[in-house]
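> Just need the structure, nothing else, for what follows:
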Amino acid sequence: MTGPSEEPAWKQRAVERSIRTAKLRAEQRVQRFLDAAQAIITEKGSTDFTVQEVVDRSKQSLRSFYLQFDGKHELLLALFEDALGRSADQIRAAAAGKDDPLDQLRVAVELLFELSRPDPTAQRPLFTDFAPQLLLTHPAEVKVAHAAMLTLFTELMEKVAAAGKIRAGANPKRMAAMTMQTVMFIAQSSGGDDTARAITAEEVWAFCSEGFAAR
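Numbers count the residues shown, from 1 in each chain. Below is the predicted model:
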């Protein structure tokens, strides 16, 4: 039996159903904007587009766009965070093919390096153009966007530690964060090197592993 101050059960159910429906529609609108922006980025090979282009491509209204996003920057941030999440899934799947924890981490480091480095043929402007700018202007947002990748590297580093292959006194979580950040920074800043002098994924692994691996 409901108390005098409680809403009737039927009313609570109706409100909950209405909220679920509104949430689903909002998620669908957001996804259409994301899909439209991603299609434009793929076509142009850059993040040089306008909000109006995204609105036109999505076949939604400008008002609807600004109900979901503060502006182009927030849209790009959402795309970047989503791309990082998918990259983390890809790296996790590749690392799972190895049995040794240190080999798993090596796969993760080398693949993250390859995914993050500038490559004109790969068309990854979110990583090569937007990410470096974001790191300088919005470091707090970068930290949030990298959460999935940091979780993966922390899991792998903790497995290395559990296997006794991390140096004495090293904190796995801190080692994971520094390794991930080092790999991405080296990758994103090495785009101007010529082929003969280009830093390789193997060199990056050798450099990083010197910092955490047990001797």
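
> next helix or strand past the lengthiest helix in the chain?
In the chain, taking DSSP state H as the definition, the longest helix is helix 9-44. Under the assignment DSSP states H and E, the closest C-terminal helix or strand after helix 9-44 is helix 51-58.

> Let me know how buried P101 is, in neighbour terms.
Counted with other C-beta atoms under 10 Å, the neighbours of P101 add up to 21. Backbone N, C-alpha and C define where each C-beta goes, glycine included.

> err, G97, not the other one
G97: 9 neighbours (other C-beta under 10 Å).

> How many neighbouring residues does the residue lying closest to L62 once chain neighbours are set aside have?
The shortest distance from L62 to any non-neighbouring residue, by C-beta to C-beta, 6 or more residues apart in numbering, is to V55 (5.2 Å). Using other C-beta under 10 Å, V55 has 18 other residues around it.

> so V55 touches F65, yeah?
Yes. Taking contacts as C-beta atoms under 8 Å, V55 lies within contact range of F65: 5.3 Å.

> Pull up the overlap in contacts between these two.
F33 (C-beta atoms under 8 Å, 6 or more residues apart in numbering).

> what about R57, how many residues close to it?
18.

> can you check K143 too?
Residues near K143, counting by other C-beta under 10 Å: 11.

> Please determine how far it is located from T47.
Separation of K143 from T47 (C-beta to C-beta, to the nearest Å) stands at 21 Å.

> measure A201 to R20 for me?
45 Å.

> Looking at these two, which is more packed in?
Neighbour totals were compared for A201 and R20, and A201 leads with 19 against 10 (other C-beta under 10 Å).

> Return the per-residue confidence for that one.
Looking at A201, its pLDDT stands at 93.

> From the centroid of this structure, which residue is nearest?
With distances taken as C-alpha atoms, centre = their mean, L84 lies nearest the centre of the chain, 2.0 Å away.

> Return the angle between stretch directions for the host helix or strand of that residue and helix 9-44.
If you go by DSSP H and E, L84 is part of helix 72-95. Put simply, helix 72-95 runs at 90 degrees to helix 9-44, going by axes from the mean of the first three to the mean of the last three C-alpha atoms, to 10 degrees.

> and the next element down the chain from helix 72-95?
Scanning forward in sequence from helix 72-95 by DSSP H and E, the next helix or strand is helix 101-116.

> pLDDT of that next one, averaged?
pLDDT averaged over helix 101-116 gives 94.

> what's it in contact with?
By C-beta under 8 Å, 6+ apart, the residues outside helix 101-116 that reach it are 87, 90-92, 94-98, 124, 127, 131, 149, 152-153, 156-157, 159-160, 162-163, 165, 179-180, 183-184, 186-188, 201-202, 204-205, 208-209, 213.
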